[in-house]
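[1] how does the following fold in three dimensions:
(chains A and B)
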Protein chains: 2
Amino acid sequence: MTRTLIKLGGIVISSQETYDGPSYILINDDGNIEQVGFGDYPGDARATAIVDRRHAVAIPGLVNSHGHAAMTLLRGIGDDLPLKAWLNDRVLPTEEKLTSDAVYWGTLLAAWEMIGSGTTCFTDMYMFMHDAAKAVSESGMRAVLSWGMVGFDEQGQERAIRNSREFVGRWHGGADGRITTTLGPHAPYTCPPDFLRRIAELSGELRVPVQIHLSETRVEVENSMRDWGMSPIAHVADCGLLDGPVLAAHCVHVSPEDIDLMAAKGVRVAHNPQSNLKLASGIAPIVAMHEAGLTIGLGTDGAASNNNLDMLEELRLAATLHKGVLQQATAIPAPVAFQMATEDSAKAVFLPPGHGTLRTGSSADLVLLDRRSPHFIPSHSLLSNIVYAAGEGDVLDVYVQGVPVLQNKECTTIDTERVTYEVNRIKDQLVG
Amino acid sequence: MTRTLIKLGGIVISSQETYDGPSYILINDDGNIEQVGFGDYPGDARATAIVDRRHAVAIPGLVNSHGHAAMTLLRGIGDDLPLKAWLNDRVLPTEEKLTSDAVYWGTLLAAWEMIGSGTTCFTDMYMFMHDAAKAVSESGMRAVLSWGMVGFDEQGQERAIRNSREFVGRWHGGADGRITTTLGPHAPYTCPPDFLRRIAELSGELRVPVQIHLSETRVEVENSMRDWGMSPIAHVADCGLLDGPVLAAHCVHVSPEDIDLMAAKGVRVAHNPQSNLKLASGIAPIVAMHEAGLTIGLGTDGAASNNNLDMLEELRLAATLHKGVLQQATAIPAPVAFQMATEDSAKAVFLPPGHGTLRTGSSADLVLLDRRSPHFIPSHSLLSNIVYAAGEGDVLDVYVQGVPVLQNKECTTIDTERVTYEVNRIKDQLVG
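    Numbers count the residues shown, from 1 in each chain, chains lettered A, B, ... in the order given. Down below sits the predicted model:
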């Protein structure tokens, strides 16, 4: 690997720093950003690979802060159904047939789709996670992985803890540091209080954070009030789970008291607006959570509930949905939405500072968008073009840790024809 | 022009008729669909141009039922602002500088963007419409055009009526029948009652329908109640405007009584969910209007309020938004949303029956989507892949009236580099 000089037509370093014009990024041997500059590169370009993308704009790679990658295999298996029928009649019976082979290929399919739409890092909470991690490792992506934990009895809980302990030991810091891990208790309604307490302890012992689904649906909150006399947020806090670092997915039905508690505990939120709409869960009070100072990332959720993994879509939806719901045109302005999809998502999934930006010294996780697309014509504001107009069709190149994983719209790390073949084979097994 | 045989990997004839597998479409000399079939074409393929797209799915061309095409020039000129500031401080001062030259190039930019994202027909209500019609004619698209009418005084009203009368006379049925026209009174708050009455009469005299903005914002409704003692819908009905064929854009703030009145009068609706969110207008009660039997099409609105012209996005938003708002997962299922974006949009903009479908005898206005995209893998339901996963990046080819206007993602009718150059020149004039 050598230094790489990418010549550009514009750079979004972060939501607060954009440059619209000739510019460049220099990536060093370690895959980090050595220099970002405007105009021509003034240094010595010898012994440097030069990539001419003067028709492109560089942005930080998008970070998908919630999902279940291999659920791509279930894309479209149950639409337009009430949540209970979707889950019990379609998703769960199909998931019972999943194998390690299926999860491997389903995760590669997810990686292919995410790379192609400008995502460089994603979180996952699922099963057969060694195979998911293998797929991540091969795809070149960055990922924050957890083995989904569900445990209604002692045996199930022991197995879940054994799986997670082993998974964290084997994969935390793996794939040249591209893989980190968390614990992944599924939800308070699938993890009883004692189990949540053990998970909180394990999180401290292994020094890895926790990700969990919280307050996704109205029914979940009603059941929590009935069973525990408090909201899901208050209940998991009561179990000690919020005393360590926690990423909470969804948080659709949270009260002002829940939000205060989350702020006090530093809980991070993964906002999945399209999944919440499609599954009819509702609309999370993101403006209130943002005003309370919570770190909010964006996510797609799994492809069975979305049904794609397109973060540019989530970015646009986050920037428009809350304006409409609150009838307040200034809600979640473009820079805030962009920051949620990049820097704040990176914080939400526990990546170190610098991730989700193109600042000097950061890992070169970046995406080049084609400015020749009509979405960029004219350009009164580059960030506006990206947040309110761009689409996955504009993604030209993607780098993770300085390594190209998409070049001129072609995956360089994944054999997409093979993935297609294998996924169709697995589909026949799942529904056959 | 000769007959064209397109070999396909699947066909969506309409929301009710899909075929997932080897199939074909035969287009005759007149640009109409002569035959749609499954399996191999059984006839004589000699003297027929054969297009091999066995990796693609054909769908009816999307119909954009509301917009202002040349507002592409204002893309991103005023985001995250309250409606009044957006309109008075950004949009109107810039529109005052528009020229016929600007509208011509802005409309071509819109046509390029719409073709590239699978739209074959759009409506327009703007100024310098002869130039817009010229751009439509050259682009090969189908369009339903109107000269926007605003008139606070006698002189302004006379000018508006003269413009519209001349425009309808010159362009109705133009460009080989691809262009039809309507009258385009802007809104009840820019067209006083007597003017609306004259427009209703003119619609009958010229035998062209009317399109108008109605009940877009809460303030509009409040002002109508204050000024006329009734809602905008009831007020324009009172002026006789709903006695002829009318397409009403937005209808965000309509009461059950408004909906009953619209149903009784056969008013068509253009639903623009993303524009309504972004401008903070609110969320139209589409499920109630659909249950009342109204014909509802989908639209993007202008690029200053969206900020793109991507109908696949509107389709997905229409299919997901109302589920979330109503917390009802069965609201606007995939076939209903698909029908709104195609057949019902075609009805809404007054195209004859058959438009918005791929039925035998219909005009060959069609779009080929790339099934090799991960959005189509796996495919448990073709319509689900299209409605809930596909993106503009999947659009390969577009035909209008049997003529290819996009081939392998390249525009064949528009010099996109020239459009880029001219739009950037015009941008400098507008903001200079």
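[2] please count neighbours and contacts with C-alpha atoms only from this point.
    Noted.
[3] what ranges of the stretch 251-400 of chain A fall below the confidence cut-off?
    Judged against pLDDT under 70, the stretch 251-400 of chain A has no low-scoring part.
[4] any idea where the strands of it begin and end?
    Secondary structure of the stretch 251-400 of chain A (DSSP state E, counting those that start in this stretch): strands located at A:268-271, A:296-298, A:366-370, A:395-400.
[5] let me know the angle separating the next helix or strand after the last one from strand A:366-370.
    Beyond strand A:395-400 in the direction of the C-terminus, DSSP states H and E gives the next helix or strand as strand A:403-407. Relative orientation of strand A:403-407 and strand A:366-370, computed by axes from the mean of the first three to the mean of the last three CA atoms, to 10 degrees: 30 degrees.
[6] pull the CA atoms of strand A:403-407 into CSV?
    Only the C-alpha atoms of strand A:403-407 are listed here, as CSV (Å, rounded to 0.1, in the frame of the first residue of the first chain):
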residue,chain,number,x,y,z
VAL,A,403,-8.5,0.9,0.9
PRO,A,404,-10.9,1.2,-2.0
VAL,A,405,-13.9,-1.1,-1.6
LEU,A,406,-15.9,0.5,-4.5
GLN,A,407,-14.3,1.9,-7.6
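[7] okay if I get the strands of the stretch 251-400 of chain A as a markdown table plus mean neighbour count and distance to chain B?
    Output for those, formatted as a markdown table (neighbours: other CA atoms under 10 Å in any protein chain shown; distance: least, CA to the nearest CA, whole Å):
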| stretch | mean neighbour count | distance to chain B |
| --- | --- | --- |
| strand A:268-271 | 29 | 14 |
| strand A:296-298 | 30 | 17 |
| strand A:366-370 | 27 | 12 |
| strand A:395-400 | 26 | 9 |
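[8] phi first, then psi, for the residue nearest to the spatial centre of chain A.
    When CA atoms, centre = their mean is applied to chain A, the residue found nearest the centroid is residue A:64 (1.6 Å). Dihedral angles of residue A:64 (phi, psi; degrees, to the nearest 10) stand at phi -90, psi 110.
[9] I'd like the distance between it and residue B:391.
    According to CA to CA, to the nearest Å, residue A:64 stands 18 Å off from residue B:391.
[10] again, but for residue A:124
    In terms of CA to CA, residue A:124 sits 23 Å off from residue B:391.
[11] who does residue A:3 form a beta bridge with?
    Counting by DSSP bridges, residue A:3 forms beta bridges with residue A:48.
[12] tell me who's in contact with it.
    Contact analysis of residue A:3 by CA atoms under 8 Å, 6 or more residues apart in numbering or on different chains lists A:26, A:27, A:28, A:29, A:47, A:48, A:49.
[13] what's the host helix or strand of residue A:122 in contact with?
    Assessed by DSSP H and E, residue A:122 sits inside strand A:119-126. Outside strand A:119-126, the residues that touch it by CA under 8 Å, 6+ apart are A:61-70, A:114, A:141-148, A:184, A:311, A:349, A:365-367, A:398-400.
[14] please redo it, this time with the cut-off set to 6 Å
    Identification of contacts with strand A:119-126 by CA atoms under 6 Å, 6 or more residues apart in numbering or on different chains yields A:61-68, A:141-148.
[15] looking at these, which is nearest residue A:163?
    Proximity of those to residue A:163 (CA to CA) peaks at residue A:147, which lies at 7.0 Å.
[16] which parts of the stretch 1-150 of chain A are strands?
    A:3-8, A:11-14, A:17-19, A:23-27, A:33-38, A:48-53, A:56-60, A:62-64, A:119-126, A:142-149.
[17] which of these is buried the deepest?
    strand A:62-64 (a mean of 33; mean count of other CA atoms under 10 Å in any protein chain shown).
[18] rewinding a little: in JSON lines: the strands of the stretch 1-150 of chain A, plus mean pLDDT and distance to residue B:118.
    Putting those into JSON lines (pLDDT from 0 to 100; distance: least, CA to CA, whole Å) gives the following:
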{"stretch": "strand A:3-8", "mean pLDDT": "96", "distance to residue B:118": "29"}
{"stretch": "strand A:11-14", "mean pLDDT": "98", "distance to residue B:118": "29"}
{"stretch": "strand A:17-19", "mean pLDDT": "97", "distance to residue B:118": "31"}
{"stretch": "strand A:23-27", "mean pLDDT": "97", "distance to residue B:118": "33"}
{"stretch": "strand A:33-38", "mean pLDDT": "96", "distance to residue B:118": "37"}
{"stretch": "strand A:48-53", "mean pLDDT": "93", "distance to residue B:118": "27"}
{"stretch": "strand A:56-60", "mean pLDDT": "98", "distance to residue B:118": "24"}
{"stretch": "strand A:62-64", "mean pLDDT": "98", "distance to residue B:118": "26"}
{"stretch": "strand A:119-126", "mean pLDDT": "98", "distance to residue B:118": "24"}
{"stretch": "strand A:142-149", "mean pLDDT": "98", "distance to residue B:118": "33"}
